[in-house]
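K.L.:
What shape does this take:
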Amino acid sequence: MTIELDRRGFLKGCSAAAVAGAAGPALFFGGHAQAAVNGYDTIVHVFLRGGIDGLNLVLPVSGNDRVHYEQARPDIQVPVSGENAALPLTLANGSATGFGLHAAATGLRDIWADGKLAIVHCSGMQTTVTRSHFDAQQYLDFGTPGSKGNGTGWIARAWETQPGASSNVVMPALAVNSRLPANLLGATQALTMGSPTDFELNSGSYAWQRVRDSSPTGFKGVNETLADMWRGNVGVEHSGRAAHGALRTVATQAYSSTLPASWPTSTFARQLWTVAQSIRFNLGLRYAAVDLGGWDTHEGQGNNGGGYFHGRVGDLSQALAAFYGELAATGEMARVTVVVQSEFGRRVRENGSGGTDHGYGNPLLVLGGPVNGRRFYGTWPGLNPEILSPYFGDVPVTTDFRRVFTELLQKRVGHVRTAEVFPGYSGYSALGLFAGTGAAAAPAPEPVRQVPQSAPADIRTAPSAVSPSGTGGAAPAVSSPIRHRRGTVRMPTRLSQPLLRLRLKLYRLMQQHRL
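P.N.:
Next up, the predicted model:
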């Protein structure tokens, strides 16, 4: 295995890398928001960490399933009339679906009515069952149910193998978070940014941080001093230069912490506002990852559609509706898809503490301009206890989550290497969730393995070469001496691995001291 060390790195929680590179003028824009809609798709992945009670988010409102639902949930059920009544979902022709949304999900109901929200029944991990938050989240983030051995996130692999992926893209992947989520692990071009207005080196005395109007003549602050330090050609200097460039790139954009007047003011809404602005600034954003926690409702979930769960659903629904409306009004939503996923659902039966325990299958929400919405997808087996008995009383998983993401990548991105994004997944067939774009409008070809083209400006683990025929025959491993090529330092594993460990220690030290 060979590792190329170049303009990549991380600082203050970011794998800062190609956000800026080595201070090239093309990476520091003179303008801000672009008038034209981006010519590429953006996938926004919203992970509801904690295991949302999907059966109270998307619930039966009529028929035998309603009877079984009420029997299983005498206290926490969402009513069909009166206060906190469920919001019935109808098809485009007005016919009833038998399902409704939680009373607090008015924003999601409106997107459904607009024809741009689809719901996939009983989604999740079809090959692995676990009730552990930690395990389930990692399996989903890595895209490898039952295995954590890959070490890279599915979004990282999706960008790495995506047609047209380039180290010159300024911000291909963004996590609006205080830490890099596991679905972006290994994405050396990903940026982690909790808030763009606080994305700066601000430790130490205020007067010493940077040159200000009140600074004495000839004064050089910490920021300016560090910028001058990253001029060498070793890995840490490449990383430092990339990190400094990332800070400058974000600083030159017209990010605002002030939410539009119609938006809710929750933290989740602010995260989505950061994503919306990043899309508008045309920074090349292909993937965005946002987390929303607080869904582990073992107790006090709220009776009759009210209480704690009502507030959480309202937060989710209002923020997604604001994001959708904001980008739809100016045309950007036409190439934006939002996928809302949780690690597992909850048990069908409520527990003795007014809550629900860890379950299995869950609805998966897909919304955006490319979505063939206002319909349900997948298979719904019903809530008859006899049907659920083989699944220990849980809602089963009938649609593998990878089926949805594979279709999204193939139809909207034109991805032909999804087998590398989700290794071990087979038997894929499209659900029809998405409208195709360009070449992707035709039936997607079988994934073709190609020899990865190494970029001159990169820090990556170079995959083993494969034969042009796609048979997967690996080329001999390369372990050559250090050599220079276009400003890139390449080194064998015996040297690169200790250096990467050193870089990780440096990163943790910087976080500890809030650098």
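K.L.:
What distance do you get for Val413 to Ala334?
P.N.:
Distance of Val413 to Ala334, given as C-beta to C-beta, to the nearest Å: 15 Å. C-betas here are computed from N, CA, C, even on glycine.
K.L.:
of these two, who's got more company?
P.N.:
Val413 (24 against 16; other C-beta atoms under 10 Å).
K.L.:
which intervals of the stretch 1-150 of the chain have sub-threshold pLDDT?
P.N.:
Low-confidence segments of the stretch 1-150 of the chain, defined by pLDDT under 70: 1-36.
K.L.:
Could you pull out the helices in it for me?
P.N.:
Taking DSSP state H, counting those that start in this stretch as the criterion, the stretch 1-150 of the chain carries its helices at 54-57, 63-72, 106-113, 133-142.
K.L.:
now the chain
P.N.:
For the chain, applying DSSP state H gives helices covering 54-57, 63-72, 106-113, 133-142, 154-160, 206-209, 222-229, 235-251, 267-280, 307-329, 385-388, 401-408, 418-421, 493-512.
K.L.:
quick check: angle from the fourth one to helix 401-408?
P.N.:
Meaning helix 133-142. Inter-element angle recorded for helix 133-142 and helix 401-408: 20 degrees (by axes from the mean of the first three to the mean of the last three C-alpha atoms, to 10 degrees).
K.L.:
Name the residues that touch helix 133-142?
P.N.:
47, 49-51, 125, 128, 130, 145-148, 150-154, 181-183, 185, 296, 341, 343-344, 358, 401 (C-beta atoms under 8 Å, 6 or more residues apart in numbering).
K.L.:
which parts of it are buried?
P.N.:
Within helix 133-142, the residues scored as buried using 16 or more other C-beta atoms under 10 Å are 133, 136-142.
K.L.:
Which helix or strand in this protein has the lowest average pLDDT?
P.N.:
Across the helices and strands of the chain, mean pLDDT, DSSP states H and E gives its lowest value to strand 460-462, namely a mean of 30.
K.L.:
returning to what we had before: go through the helices of the chain and find the least confident stretch.
P.N.:
Lowest mean pLDDT within the helices of the chain: helix 493-512, a mean of 56.
K.L.:
Gly368: how many residues sit nearby?
P.N.:
Counted with other C-beta under 10 Å, the neighbours of Gly368 add up to 28.
K.L.:
Tell me which residues touch it, please.
P.N.:
Gly368 neighbours (C-beta under 8 Å, 6+ apart): 44, 116, 324, 333, 336-338.
K.L.:
Grab the nearest non-local neighbour of it.
P.N.:
Thr337 (4.0 Å; C-beta to C-beta, 6 or more residues apart in numbering).
K.L.:
Pretty sure the one you found sits against Val366.
P.N.:
Yes. The criterion here is C-beta atoms under 8 Å, and Thr337 meets it with Val366 at 6.8 Å.
K.L.:
hey, what's in contact with both of these two?
P.N.:
The contact sets of Thr337 and Val366 overlap at Leu408 (C-beta under 8 Å, 6+ apart).
K.L.:
Looking at the two, which has the bigger crowd around it?
P.N.:
When neighbours are counted by other C-beta under 10 Å, Thr337 and Val366 differ, and Val366 comes out ahead with 27 against 23.
K.L.:
what's the spacing between the nearest residue to Lys148 once chain neighbours are set aside and Gln189?
P.N.:
The shortest distance from Lys148 to any non-neighbouring residue, by C-beta to C-beta, 6+ apart, is to Gln138 (5.2 Å). Going from Gln138 to Gln189 by C-beta to C-beta gives 22 Å.
K.L.:
Now do the strands for the stretch 351-500 of the chain: every range, in order, please.
P.N.:
362-368, 375-377, 399-400, 460-462, 483-485, 488-492 (DSSP state E, counting those that start in this stretch).
K.L.:
how near is Phe281 to Tyr324?
P.N.:
19 Å.
K.L.:
Tell me, how many residues neighbour Ala430?
P.N.:
Ala430 has 15 nearby residues by other C-beta under 10 Å.
K.L.:
doesn't Lys411 make contact with it?
P.N.:
Yes. Look at Ala430 against Lys411 with C-beta under 8 Å: they come within range, at 7.2 Å.
K.L.:
quick one: contacts for the residue nearest to Ala430 when sequence neighbours are not counted?
P.N.:
Excluding the flanking residues, the one nearest Ala430 by C-beta to C-beta, 6+ apart is Glu407, at 4.9 Å. Listed by C-beta under 8 Å, 6+ apart, the contact partners of Glu407 are 428, 430-431, 433-434.
K.L.:
Closest one to Leu91 out of the residues you listed, please.
P.N.:
Leu433 (15.5 Å; C-beta to C-beta).
K.L.:
if I read this right, that closest one contacts Phe376, doesn't it?
P.N.:
No. Using C-beta under 8 Å, Leu433 is not in contact with Phe376; the gap is 10.9 Å.
K.L.:
Mind listing the shared neighbours of those two?
P.N.:
With C-beta under 8 Å, 6+ apart, Leu433 and Phe376 have common neighbours 118, 120.
K.L.:
Those two: which has the busier surroundings?
P.N.:
Set side by side, Leu433 and Phe376 show more neighbours around Leu433, with 24 against 17, by other C-beta under 10 Å.
K.L.:
What pLDDT does the model give that one?
P.N.:
Listed pLDDT for Leu433 reads 98.
K.L.:
Now do the same contact list for it.
P.N.:
With C-beta under 8 Å, 6+ apart, Leu433 has these contacts: 118, 120, 366, 371-372, 377, 404, 407-408, 411.
K.L.:
same thing but 7 Å
P.N.:
118, 366, 371-372, 377, 404, 407 (C-beta atoms under 7 Å, 6 or more residues apart in numbering).
K.L.:
now those as a markdown table including distance to Val67?
P.N.:
Putting the contacts of Leu433 into a markdown table (distance: C-beta to C-beta, whole Å) gives the following:
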| residue | distance to Val67 |
| --- | --- |
| Ala118 | 27 |
| Val366 | 29 |
| Val371 | 32 |
| Asn372 | 31 |
| Tyr377 | 25 |
| Val404 | 30 |
| Glu407 | 34 |
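K.L.:
Drop anything exposed from those residues.
P.N.:
By 16+ other C-beta under 10 Å, the contacts of Leu433 give 118, 366, 371, 377, 404, 407 as buried.
K.L.:
Quick one: these as CSV, columns for distance to Phe268 too.
P.N.:
Converted to CSV, these look like this (distance: C-beta to C-beta, whole Å):
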residue, distance to Phe268
Ala118, 21
Val366, 18
Val371, 21
Tyr377, 25
Val404, 22
Glu407, 26
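K.L.:
Quickly name whichever of the residues you listed is closest to Leu55.
P.N.:
In terms of C-beta to C-beta, no member of these lies closer to Leu55 than Tyr377, at 17.3 Å.
K.L.:
Bridged to that closest one, which residues?
P.N.:
Beta bridges link Tyr377 to Val120, judged by DSSP bridges.
K.L.:
I'd assumed Cys122 was in contact with it.
P.N.:
No. Applying C-beta atoms under 7 Å as the test, Tyr377 and Cys122 come out as separate, 10.1 Å apart.
K.L.:
sorry, back to before: now, which of the contacts of helix 133-142 lie within strands?
P.N.:
In strands, defined here by DSSP state E, the members of those are 47, 341.
K.L.:
Of the contacts of helix 133-142, keep whichever come out buried.
P.N.:
Buried among the contacts of helix 133-142 by 16+ other C-beta under 10 Å: 47, 49-51, 125, 130, 145, 150, 152-154, 181-183, 185, 296, 341, 343-344, 358, 401.
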